[in-house]
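Peer 1: sequence first, then the predicted structure, then my questions.
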Amino acid sequence: MTSVIFDPDARAEFLDAVRYYEERQRGLGRRFRGAVETAVSLVVANPVLYRLLRAPFRRYLLPKFPYSIIYSIEPDYIYVIALAHTKRKPGYWLKRSSGSGEKD
């Protein structure tokens, strides 16, 4: 099974969104977390299926939530560079791309 590595900023975006949704409605944060986990599983199962944005980055649009998972396919893992809100600051994550795929 291919592993998935989240950029630290992407992990922070994910946790912030979970908290935000849970504060709005009890259980909604949990549903968001589940949607992201399902999306990551789908990406791992077939990473080339989803839209190429700017090489090497691809995008998976989450159903029912205004977020997309931006990732690259690395030789040994999937690198999630952003969990991006689809209505805010398009392309902001590109400044992170210089460090993509590098493990700490």
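Peer 2: Nice, I can see it. Note that this is a predicted model, so its numbers are computed, not measured.

Peer 1: spatially nearest residue to the residue most central in space within the chain (excluding sequence neighbours)?
Peer 2: Nearest residue to the geometric centre of the chain (C-alpha atoms, centre = their mean): residue 69, 2.8 Å. Once flanking residues are discounted, residue 69 sits nearest to residue 60: 4.4 Å by C-beta to C-beta, 6 or more residues apart in numbering. For every residue, glycine as well, the C-beta is placed using N, CA and C.

Peer 1: relative to residue 43, how far out is that neighbour?
Peer 2: Residue 60 is 5 Å from residue 43, where distance means C-beta to C-beta, to the nearest Å.

Peer 1: ditto for residue 72
Peer 2: 11 Å.

Peer 1: do the same with residue 96
Peer 2: Taken as C-beta to C-beta, the span from residue 96 to residue 43 is 18 Å.

Peer 1: neighbour count winner among the two?
Peer 2: residue 43 (22 against 15; other C-beta atoms under 10 Å).

Peer 1: now do the SS call for the more buried one.
Peer 2: helix (DSSP: H, G, I helix; E, B strand; the rest coil).

Peer 1: got it, and residue 87?
Peer 2: coil.
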